[in-house]
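Chemist: following is a predicted model, sequence given first.
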Amino acid sequence: MLRRVRLLVTAIVVVTVVFGGSVANAADAFRFHGSGYGHGIGMSQWGAYGLANKGWSYQHILTHFYSRTRVVSSSTLPKKIRVGLTSGRSKIHLSARNGPVRLWLDAPGATFVARIPGGQTWTVSSARTTRTYVIRDQAGAVVGGARWGGPARPLFATFSDTGARVFVPEADDVWHRGFTYAYGFLEFDLLQCANRCAERLTIELPFESYLRGLGEMPSSWPAAALRAQAVGARTFATYKIRHYGLRSDCDCHLADGAGDQVYVGWNKEIGLDGNRWVGAVVNTAGQIVTYNGSVIQAFYAASDGGYSENVEDVWHGGDPAYAVPYLRGVCDPGEYTSANPWTDWMRSFTAPSVSSRLGPYTGGIGTITRFTNVRRGVSGRIVSAIARGTGGSAFVAGSELRSALGLPDGRVWINSDRNIVGAVRGKYDALMCRPGLPRSSVLTVSHGSRQLFQRGGIYRNSQVDLTVWLNGAIHNEYLGAGGVRGRLGLPVSDAVHPMLTYAAQTCSSCRRIVLEGGRIYFKAGLGAHALWGRVLSSYLGRGGAQGELGYPTTRVRTVNGVTQASFEHGTIACSNGACEVQVG
């Protein structure tokens, strides 16, 4: 699922949105708290899973992750595709299943070589000195008593024309168990023949048949997620074929591993729920994602941690020259599900280990003790940082940090667990990430929790099963009055209330929030002010905000033993167990 493809696109200059800051770390150890798995560009597969479960259509999923795009049907898609299966081999096995597999020289159907009977396994080896193929049957005997072909005369295996299958144990760089193929034909080539030739194996097959064999997503997942994956994969392959053609290193359009798309052949169709994946391919036949009428580079990764990233901030150090209008970071409210193993992870290292791993990028700066000047992308992924060591400092790109430490994703917080989880995460996703990046860890209190963000904070009160986002003037007043550990306690109502009626007029700007130990009132022009204790009780006894006093203009304060607050049309002052209200 992890895409590691180098991006080659037309440069479009835009402004990169990043967030900076410094990180202070312990000198002897580092903990990297992260979420996500992969590069975080384009569609998240786990995000698609969650959004499909929320009822999103596959078109909506795709156009969400690929900004300002359209899902369209095309009649000009590639008809066939060549996929690199394995290379650098001295021996490749072929097992004929469900019928015979025939071998040919020069081209399928050209010069007949031999027929592998169904149920048998033969081997194709490169000869040490003659630069030819040696074919041995199941008993080990040389087929035809001769050596066949050469670098200019490739060997081919056909099977699909008779309904047979062929199993190749070497054609599996992912799980190393081998895959079975049902479509197209196999081509053997001899390369690097200065010493002993090495074998390369490629499959050529119909384009839509190739899509049936992609192992990028479990077939049991929701139908909308499968269809989004099918269209995304078709788009990815179409772009590759149209823009790069046959690659000289493999004589193929795509390889079968994670560097392009994971192709597992017939194994996908006959696997658990394989018919559901085939249905997704068939039901979206001919559909691709386009931007301004052109097919896009539809990158995708396993998990984006809740927010995808701008492409230039992942692979190009934040250089705006590499910005792509449809590969922008977006909020992903589908990621957070118990089925996703990448929502909250941690990797720990000793300082010497971090220093050693980053050494090729930092040079000799001694033992790294902290990271400063951390620059982040819109998702929070690290774009760059300064590594501070006992013998100097060095610039480190986010991609270098992730690669050197083997981190699942670059969306990490160093020695500060700012991952968004639990009820706070649920509210954050429901808000489509509007609070911004986290500015603190989750703080747990007796019956709730709190996490601060760029814009306000999210508060959880488990006693009343309430999670609210406080922001702006109300949140600033809440913090000024002591916040979650102050006299006000946790919220017991939502932070934003409908319009309140005051003096027979509707106040569209007025807001109120009720907390365990008081209330906060807001009115445009007056600001937000907290009330509690006897002052609040007296205020409510006089009709509150709809009464003659109007809205508060100050917070409750104590002056010379008198607890008091001012209002639009008066004051309340309490002392010695009694409160005096002055109006006018």
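Modeler: Structure received.
Chemist: any weak-confidence spans in this structure?
Modeler: Within the chain, the stretches with pLDDT under 70 are 1-27, 495-505.
Chemist: what ranges does it have for its helices?
Modeler: 45-53, 58-65, 207-212, 223-244, 266-270, 274-283, 311-315, 351-362, 398-405, 422-430, 472-480, 533-541 (DSSP state H).
Chemist: quick one, strands of the stretch 451-584 of the chain?
Modeler: 457-461, 466-470, 500-502, 505-507, 511-515, 518-523, 527-532, 557-559, 562-567, 570-575, 578-583 (DSSP state E, counting those that start in this stretch).
Chemist: kindly apply the preceding question to the stretch 1-150 of the chain instead.
Modeler: Using DSSP E, counting those that start in this stretch, strands in the stretch 1-150 of the chain cover 29-34, 43-44, 70-73, 80-89, 91-97, 101-105, 111-116, 121-126, 133-136.
Chemist: Throw the ones you listed into a markdown table and include distance to residue 272, thanks.
Modeler: C-beta: built from backbone N, CA, C; applies to glycine. Conversion of the strands of the stretch 1-150 of the chain to a markdown table gives the following (distance: least, C-beta to C-beta, whole Å):
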| stretch | distance to residue 272 |
| --- | --- |
| strand 29-34 | 30 |
| strand 43-44 | 23 |
| strand 70-73 | 28 |
| strand 80-89 | 23 |
| strand 91-97 | 19 |
| strand 101-105 | 26 |
| strand 111-116 | 29 |
| strand 121-126 | 26 |
| strand 133-136 | 35 |
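Chemist: most tightly packed of those strands?
Modeler: Neighbour counts (mean count of other C-beta atoms under 10 Å) averaged over each of the strands of the stretch 1-150 of the chain peak at strand 43-44, with a mean of 30.
Chemist: who are the contact partners of residue 190?
Modeler: 126, 131-133, 149-151, 154, 197-200 (C-beta atoms under 8 Å, 6 or more residues apart in numbering).
Chemist: please redo it, this time with the cut-off set to 6 Å
Modeler: Taking C-beta atoms under 6 Å, 6 or more residues apart in numbering as the criterion, residue 190 is in contact with 126, 151, 197.
Chemist: the nearest residue to the first one once chain neighbours are set aside - how many residues pack around it?
Modeler: The one in question is residue 126. Sequence neighbours aside, residue 197 is the residue nearest to residue 126 in space, at 4.3 Å (criterion: C-beta to C-beta, 6 or more residues apart in numbering). Using other C-beta atoms under 10 Å, residue 197 is surrounded by 23 other residues.
Chemist: nearest spatial neighbour of residue 434, skipping sequence neighbours?
Modeler: residue 455 (6.8 Å).
Chemist: ok, the closest residue to residue 144 other than its chain neighbours to residue 126 distance?
Modeler: With sequence-adjacent residues excluded and distances taken as C-beta to C-beta, 6+ apart, residue 144 is closest to residue 114, at 6.4 Å. Distance, residue 114 to residue 126, using C-beta to C-beta, to the nearest Å: 17 Å.
Chemist: next up, the contacts around residue 222.
Modeler: With contact set as C-beta under 6 Å, 6+ apart, residue 222 has these partners: 52-53.
Chemist: repeat that for 10 Å
Modeler: Contacts for residue 222 were tallied using C-beta atoms under 10 Å, 6 or more residues apart in numbering; they are 48-56, 58, 228, 276.
Chemist: by neighbour count, which of the residues you listed wins?
Modeler: So for the contacts of residue 222 (other C-beta under 10 Å), the most neighbours sit at residue 228, 35 neighbours.
Chemist: right, and residue 253 touches residue 263 too?
Modeler: No - at 11.1 Å, residue 253 does not count as touching residue 263 under the criterion of C-beta atoms under 10 Å.
Chemist: now list whatever residues contact both of those two.
Modeler: With C-beta under 10 Å, 6+ apart as the test, residue 253 and residue 263 both reach 81, 83-84, 210, 237.
Chemist: tell me the one among these nearest to residue 315.
Modeler: Nearest to residue 315, judged by C-beta to C-beta, of the shared contacts of residue 253 and residue 263 is residue 237 at 20.1 Å.
Chemist: burial of the closest one, as a residue count?
Modeler: 26.
Chemist: same question for residue 274.
Modeler: Residues near residue 274, counting by other C-beta under 10 Å: 16.
Chemist: wait, it sits on residue 226?
Modeler: No - applying C-beta under 10 Å as the test, residue 274 and residue 226 come out as separate, 11.1 Å apart.
Chemist: anything in contact with each of the two?
Modeler: residue 219.
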